[in-house]
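>>> coordinates only, sequence not included:
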């Protein structure tokens, strides 16, 4: 049908080789091995000739097909059916039927019926239950089969084609992105929560910072559920990575959102940010160097001569403010101390020869609050509009001008500028010091701002069905 994407030729060849025949209907690969090989496909609810096809998810991985067949031959169907609650199994059948019915595109043929594997009750086919579980459903039989055949690591975190919620708990802000099954943004939101306040000195997340963040997470849950998302991921970055009570945060955030919570490593944070930013860039031009100045850390990422390079540095705008300046007016001594801290950290953290080779040969792409607020100040827009800050160019000299102008003002005076985001007035100067130092270090004449960032990268990964996170191979 015209509203379904074409099946990539490589996927068609791989799947048809596993089936031993041509595919008789549209399909898409929804679960892959880390090497890209198809594990589970999603079928259209009808064959091309109109015949109803009740099996939405089909297991096509030869080793798993053989392993599950052995389990079935040993009486696994009855054994697993006896191990699960009838109500949980019935719910899985109902979800499966509803999901398949929502994908029907034909009204000239009978609809397929039944739940997992085409049955309305009980267990018919362990292959179908495993495929349903690996495709992201909480199928209780599929979960048991996956454990028995060693396939739990292949399970994707979300069901393909359904809305996804991603929450980024950063050091300075907490942000929400909800996308539909095709990747179109339904909801974007940002709140200043200052989760990292005091972490650098105390080594743990403060009680009031936790409380602020959990209140916002509760509000976000209402928003993403209202948008139709019941699945997704909460990611936490530098503030939580560095905190001794990170486990408390993970527990409370999971309870507040009902989603899985993942504390990202520096590599994963850089990889997701890179993927989110690069996917939306126009082809051609200089290779992108993606720079995410956060509250607690700054991530740099680039692909240079075919190799992915990343660095996560302790240079967030909140961290530098707390270490060097405080929130008030910057004097000359403060400016020198901040720049010395930034330069020393860049020198120590960017030792790979590729960083030096890239000087003068990359386009610096700035992500997150520091870059977005800078673009909004440059545009003079008091109210945020994505089109005013996304893919805008700001000259390196302009970055220095805003750094010095805002540094000479009090936080209250900074708030008077059209475009200053409330909650950033006390830390933005430090973020601009970091950003300007990076632009100078790489000989970049300007900064390209991007509103596509780590949220978009995580959402794309969730929709892709990849079994590994994009750390060193985004």
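Everything's here; your move. Bear in mind the structure is a predicted one, so any value in this text is a computation, not a measurement.
>>> tell me how far residue 52 lies from residue 111.
To residue 111, residue 52 is 6 Å away according to C-beta to C-beta, to the nearest Å. Where C-beta positions appear, they are placed from N, C-alpha and C, glycine not excepted.
>>> okay, and for the stretch 1-150 of the chain, where does confidence drop off?
For the stretch 1-150 of the chain, residues meeting the criterion pLDDT under 70 lie at 1-3.
>>> residue 209 contacts residue 193, correct?
Yes. Using C-beta atoms under 8 Å, residue 209 is in contact with residue 193, at 7.1 Å.
>>> how many residues are close by residue 460?
Neighbour count for residue 460, taken as other C-beta atoms under 10 Å: 21.
>>> contacting residues around it?
Shown in contact with residue 460 (C-beta atoms under 8 Å, 6 or more residues apart in numbering): 183, 275, 276, 279.
>>> so which of residue 52 and residue 111 has more stuff around it?
Comparing residue 52 with residue 111 by other C-beta under 10 Å, the one with more neighbours is residue 52, at 17 against 14.
>>> how about that one, phi and psi?
Dihedral angles phi and psi of residue 52 (degrees, to the nearest 10) take the values phi -60, psi 140.
>>> what residues of the top helix by length along the chain count as buried?
Secondary structure of the chain per DSSP state H: the longest helix is helix 207-226. For helix 207-226, burial by neighbour count (16 or more other C-beta atoms under 10 Å) applies to 209, 210, 212, 213, 214, 216, 217, 220, 221, 224.
>>> so after it, what's the next helix or strand?
Of the helices and strands lying after helix 207-226 in sequence (DSSP states H and E), the nearest is strand 232-236.
>>> list the buried ones in the helix or strand following that next one?
The helix or strand immediately downstream of strand 232-236 is helix 238-241, counting by DSSP H and E. Applying a neighbour-count criterion of 16+ other C-beta under 10 Å, one finds 238, 239, 240, 241 buried in helix 238-241.
>>> which residues touch helix 238-241?
Helix 238-241 has contacts (C-beta under 8 Å, 6+ apart) with 169-171, 195-196, 199, 205, 246, 249-250, 263-266, 269, 294-297, 312, 314, 316, 319.
>>> of those, which belong to strands?
Using DSSP state E, 169, 263, 312 are the members of these that sit in strands.
>>> confidence score at the spatially closest residue to the last one that is not a sequence neighbour?
When you say that, I think you mean residue 312. Distances taken as C-beta to C-beta, 6 or more residues apart in numbering place residue 266 nearest to residue 312, at 2.8 Å, with adjacent residues excluded. Listed pLDDT for residue 266 reads 85.
>>> residue 266: how many residues sit nearby?
18.
>>> what's the answer for residue 5, then?
Residues lying near residue 5 (other C-beta under 10 Å) number 8.
>>> and for the one 5 residues further on?
Per other C-beta under 10 Å, the neighbour tally for residue 10 reads 11.
>>> could you identify the helix or strand that succeeds the helix or strand hosting it?
In this structure, residue 10 sits in helix 9-19 according to DSSP H and E. Remark: after helix 9-19, the chain's next helix or strand is strand 27-32, criterion DSSP H and E.
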